[in-house]
Structure formats: structure tokens, C-alpha cells
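In: Everything below, folded, please.
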Amino acid sequence: TQCGPRGGGHAESSVMCVAAPEYGEHLFATVRRMLQETRLDVHGLHVVLKPNLVEFSPNAPINTHPKVVHAVLEAVRAGGAASVRIAEGPGHRRGTLDLAEAAGYFDEIPRFEELFTDLNLDEVVETSIRSPRSKLDSLYLPKTVRQCDLLISLPKLKTHHWAGATLSLKNLFGLVPGGVYGWPKNILHWAGIHECIADLYTVVPRGFAIVDGIVGMEGNGPIQGTPKQAGVLVAGSDMIAVDATCCRLMDLDPEQISYLRFLGNQGWVSEDKIRQIGEPWTRLATSFAVLPAFQPLKRKRKG
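Out: Below is the predicted model of the structure:
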């Protein structure tokens, strides 16, 4: 059953940052602790994990690391979820299982193929957008997404050559099927990238985010950038607040990211409205390089 509208309240503005220097076995305990401390209750829920799978490259930090996905999978299972599926609809490559194999998912996650749904091939349901910002008035969403109780967005911490930053909200582009929206989701680009990100957020079920910032990507992301050792995981039930915090970790001003500005009245973008738990983001911040056109996104220094 799809969740109802998101609730309000200060609890949804909590964001947890944790130092995580490498992709080791410690991640299983770290992720379980993060879900406990952010009070994510998955008991009895049908959960979908949405990693970011983009291109064939086992060495570049393009895709969400499979160790992070595996750790979240086991933590959600331990929390008593009724079911857990991993789902993605890549915009660049049509061979989704080949892409997952190149990214190491088959090697890391036992019985991966049985757990995985290719959202580019899933049956779709048309979903109306209540107050669209884009040129679209509805979106076709896969049934796997529409029927889940909780969608956990698992993006990689990266800059983006069109959106400025690609985090838990931009990761929602992988929900819509290429068979409907083209390759690489051309219709969404035509309708407005930032506007479609905002619209997708309003139609997906209840969400949660865990951002893989252990090794991110700076510069010409999301594919051709440079690896950036950031050593951090970020989690929270408000994707807007999570992405705003991630921007600050990257030395970007979230209020200059258009899709975050669009959604600012539905979530938490201002720093004073986000309750930080875990480690302060200021201790974990590292400046990400951006393309010259995105220099205005960099945070302004005070004094």
C-alpha cells in the first residue's frame, strides 16, 4: 500500500552524519546504528532500496558502492521489514543487470538477481502531479515504487554538470522508465530537470535517504568527474534536509540549488531548521570542485 502524504513536524528535519573512511565490514554495524538513531521503523513494511547505477565503470566512483547497499539491505531486514527489493532504472544503459554486475553488486549481495527489479521494464501506473512545476501534469511510475511503503534513496555524493549536485532527490530520476521517458530520460530534461526533481519528490511514497559519501565525485559529475575522498555517510527521513546538509558538506550553498529552492517550503533547507545528530557536518566537510559555470553555487565565506 502506498503511504499517505508526508507528515510535518520537527522530527523529519533530523539529519545524521557519520564518519566512514572506507568500504569495510564495519558498515553493517554503522548503518544499523544510523537507522536506529534516526528512528526509522521498518517493521512490517515493504521497502524498496534505490541505489544510483549510471555507467559501466568498476573503478570510477560513479555508482553507489555495493557494500553500502548490502549494509542497508541487512539493516532493513534486521528491522523486521516485510520485504526488501533493490530497484533501479538507469538512464544511460539499457543492460541494467550488466551494469549492476560491473558495479560489483552480484559479487557483494547474495542472490542479488532475485532481489532486483529493473524499473525500466516494470509495469507502470500514471500518477497525477498535484501542483506541477515542470511541463508535465503526470508521471508514469513503476508499480514496484507505487506499491511500496518506504523508498530508501541511496545516492552517491557527487556534483552534476546540469543540476549542480546529484543527491537523494536527483536519484529519483532513476525511478521513471526509459521506455516512457527516453534515454537518458530526455522528456524529463525537456520538461525541466530541477522542476521534474521537485515533481518526482511530491509523487513518490514515504522516503528516507542514506548518501554514500565515503568516496564521492567532484568536478564534471555525475560520470566524468574526479574521485573525492569525503569519508562520510548521511541519513535522514527528509530528503530535502539530507540534500541540503550534503551540499554544505561539499562546500555548496543549498539555497542556490534550484530544486532545493523549489522544495524549500515543504522541507528544511536553512541550516537553523535542521537538527543535526551524529557528528557535526562541519567536522566532516570537504570542498568539492565544480565546473566553472557552477562557481556561484559555492558557499560564501562570512567575515
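In: Skip the chain neighbours and tell me the closest residue to S131.
Out: Beyond its immediate neighbours in the sequence, the residue positioned closest to S131 (Cβ to Cβ, 6 or more residues apart in numbering) is T202, lying 7.6 Å away. For glycine as for every other residue, the C-beta is placed from the backbone atoms N, C-alpha and C.
In: Any idea how many residues pack against that neighbour?
Out: The tally of other residues near T202 (other Cβ atoms under 10 Å) stands at 17.
In: May I ask which helix or strand encompasses it?
Out: helix 193-203 (DSSP states H and E).
In: tell me the mean pLDDT for that helix?
Out: Mean pLDDT, helix 193-203: 96.
In: Let me know the next secondary structure element after that helix.
Out: Heading C-terminal from helix 193-203, the first helix or strand you meet, by DSSP H and E, is strand 207-218.
In: and the next helix-or-strand element following that following strand, what does it pack onto?
Out: Proceeding C-terminally, strand 207-218 gives way to strand 226-236 as the next helix or strand, assigned by DSSP H and E. Of the remaining helices and strands, those touching strand 226-236 by 3 or more Cβ pairs under 8 Å, 6 or more residues apart in numbering; DSSP states H and E are strand 14-19, helix 26-37, strand 156-160, strand 207-218, helix 239-249, helix 281-284.
In: C-alpha coordinates for the least confident helix or strand in the chain by mean pLDDT, PDB please?
Out: Each helix and strand of the chain was given a mean pLDDT (mean pLDDT, DSSP states H and E); the minimum falls on helix 178-181 at a mean of 90. Written as PDB, here are the backbone C-alpha positions of helix 178-181 (Å, rounded to 0.1, in the frame of the first residue of the first chain):
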ATOM      1  CA  GLY A 178      13.400   4.900 -20.100                       C
ATOM      2  CA  GLY A 179      10.800   3.200 -22.300                       C
ATOM      3  CA  VAL A 180       8.400   6.000 -21.500                       C
ATOM      4  CA  TYR A 181      10.800   8.900 -20.900                       C
END
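In: Pull out the buried positions in it.
Out: By neighbour count, and taking 16 or more other Cβ atoms under 10 Å as the criterion, the buried residues in helix 178-181 are G178, V180, Y181.
In: and if you look at stretch 107-124?
Out: Neighbour-count burial for stretch 107-124 flags E108, I109, F112, L115, F116, T117, D118, L119, N120, D122, V124 (criterion: 16+ other Cβ under 10 Å).
In: circling back to that earlier point, point out the other helices and strands that the helix holding T202 packs with.
Out: Going by 3+ Cβ pairs under 8 Å, 6+ apart, helix 193-203 lies up against strand 138-142, helix 258-262.
In: Make JSON lines from those and add mean pLDDT, mean neighbour count and distance to R39 to it.
Out: JSON lines is the format used below for those (pLDDT from 0 to 100; neighbours: other Cβ atoms under 10 Å; distance: least, Cβ to Cβ, whole Å):
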{"stretch": "strand 138-142", "mean pLDDT": "97", "mean neighbour count": "21", "distance to R39": "27"}
{"stretch": "helix 258-262", "mean pLDDT": "93", "mean neighbour count": "21", "distance to R39": "24"}
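In: can you tell me which of those comes nearest to A163?
Out: If you check each of those against A163 by Cβ to Cβ, helix 258-262 wins as the nearest, at 6.9 Å.
In: Contacts for the closest one, please.
Out: Contacts of helix 258-262 from elsewhere in the structure, counted by Cβ atoms under 8 Å, 6 or more residues apart in numbering, are 133, 163-164, 169-170, 193-195, 197-198, 240, 243-244, 247, 254-255, 269.
In: Stretch 128-146 now?
Out: By Cβ under 8 Å, 6+ apart, the residues outside stretch 128-146 that reach it are 2, 48, 85, 87, 89, 117, 119, 122-127, 151, 175-177, 180-181, 187-188, 190-192, 195-196, 198-200, 202-205, 262.
In: Put the alpha carbons of that stretch into CSV.
Out: As requested, the backbone C-alpha atoms of stretch 128-146 are provided in CSV (Å, rounded to 0.1, in the frame of the first residue of the first chain):
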residue,chain,number,x,y,z
SER,A,128,-1.1,12.9,-11.3
ILE,A,129,1.1,15.7,-10.1
ARG,A,130,-1.0,17.9,-7.8
SER,A,131,0.8,21.2,-8.4
PRO,A,132,3.4,20.6,-11.1
ARG,A,133,6.4,22.8,-11.5
SER,A,134,7.5,21.1,-14.7
LYS,A,135,5.8,21.0,-18.1
LEU,A,136,4.3,17.6,-17.1
ASP,A,137,1.0,17.1,-15.3
SER,A,138,1.5,13.4,-14.5
LEU,A,139,4.3,10.9,-14.2
TYR,A,140,4.4,7.2,-15.1
LEU,A,141,5.8,5.4,-12.0
PRO,A,142,6.7,1.7,-11.8
LYS,A,143,4.3,-0.5,-9.8
THR,A,144,7.2,-1.6,-7.6
VAL,A,145,7.6,2.0,-6.5
ARG,A,146,3.9,2.9,-6.3
